[in-house]
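Peer 1: Sequence isn't available, so here's the structure alone:
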């Protein structure tokens, strides 16, 4: 689904802030989980763990970020509110 909206109509700061909070939350959780995992593996595996974590986070965030972008582009307040609520991003 695509929507046509001028650039001036886009860029909802609430949606952008929510997307930023989602990324930051994922980064914090990744750092926490990596810290735990690194205790159980040899130093030579730390880089592989980091790459794996980066790939997982990117894949897990891809769809919610795309949905947030679509909600913003289409000015779909209901979709935006649902996503904000679903991912606990409305605060």
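Peer 2: Structure received. Just so it is clear, the structure is predicted and the values come from calculations on it, not from any experiment.

Peer 1: Can you show me the helices along this structure?
Peer 2: 13-39, 46-74, 77-86 (DSSP state H).

Peer 1: Pull the distance from the last one to the chain's centre.
Peer 2: It stands for helix 77-86. In terms of C-alpha atoms, centre = their mean, to the nearest Å, the centre of helix 77-86 is found 14 Å from the chain centre.

Peer 1: From the rest of the structure, what touches it?
Peer 2: Helix 77-86 is contacted from outside by 12, 14-15, 18, 64, 67-68, 70-72, 89-90, using C-beta atoms under 8 Å, 6 or more residues apart in numbering. C-betas here are computed from N, CA, C, even on glycine.

Peer 1: Make CSV out of the residues you listed and add neighbour count, distance to residue 49 and pLDDT.
Peer 2: Compiled in CSV, those are given as follows (neighbours: other C-beta atoms under 10 Å; distance: C-beta to C-beta, whole Å; pLDDT from 0 to 100):
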residue, neighbour count, distance to residue 49, pLDDT
12, 16, 36, 72
14, 14, 35, 80
15, 23, 32, 82
18, 24, 29, 86
64, 18, 24, 91
67, 18, 29, 91
68, 23, 28, 89
70, 17, 33, 91
71, 22, 33, 89
72, 23, 34, 87
89, 20, 27, 80
90, 13, 32, 73
